[in-house]
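J.: The following block contains a protein sequence and its predicted model.
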Amino acid sequence: MKDKLIRFMEGRYGMDQLFCAMSGVFLLLVFLNLTFQSWILFIAELLVLGETLFRMLSKNLDRRRRENELFMSKVEKFKALSARNKMIKEQSETFYFKKCPGCKKTLRLPRVEGKHNTVCPNCGKTITVNIKKG
Ligand SMILES: [Zn+2]
């Protein structure tokens, strides 16, 4: 039985991070549908399951690899954004964060109460900030 499975899977893509994520989405849909019992959720379950199995059994390894790379690059972007937001939250007592209207870069300014002018080090635009207590 195990040999048959190994032979069947030869040349096929198998599992990757995207497979795990899609399986997670599938299980979440199944769990949600236990509560809501909706045919729309049921169809979504079938679509996700079908796509997950299709990817796993696919012999187009290059394409599956590219899909996974795209997925992982989005995961990395999300992680970087979360880390940045966490850092801003942690430093918000001592620093004031303001997005430059010129170049959209986030400036980190000392949190000193009152109205101040500052120059963006990236694009040179003068920005007026009004920092309130807390
Ligand atoms: Zn700027």
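T.: In hand now; what should we look at?

J.: Domain map for this protein?
T.: 2-91, 95-131 (automatic domain parsing).

J.: can I get the ones you listed in JSON lines with distance to the ion?
T.: Heads up, the C-betas are built off the backbone N, CA and C, glycines and all. Output for the domains of the chain, formatted as JSON lines (distance: least, Cβ to the ion, whole Å):
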{"stretch": "domain 2-91", "distance to the ion": "17"}
{"stretch": "domain 95-131", "distance to the ion": "3"}
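
J.: okay, how far is it across stretch 26-45, tip to tip?
T.: 6 Å (Cα to Cα, to the nearest Å).

J.: Tell me which residue is most central in the protein.
T.: Of all residues in the chain, the one closest to the mean position by Cα atoms, centre = their mean is residue 78, 3.5 Å from it.

J.: tell me which element that residue falls in.
T.: helix 61-91 (DSSP states H and E).

J.: after that helix comes which helix or strand?
T.: By DSSP H and E, the next helix or strand past helix 61-91 is strand 95-99.

J.: one step back: any buried residues in the helix holding residue 78, and which?
T.: The neighbour-count criterion (16 or more other Cβ atoms under 10 Å) identifies 64, 67-68, 71 as the buried residues of helix 61-91.

J.: quick one: that helix to chain centroid distance?
T.: Mean-position distance between helix 61-91 and its chain equals 5 Å (Cα atoms, centre = their mean, to the nearest Å).
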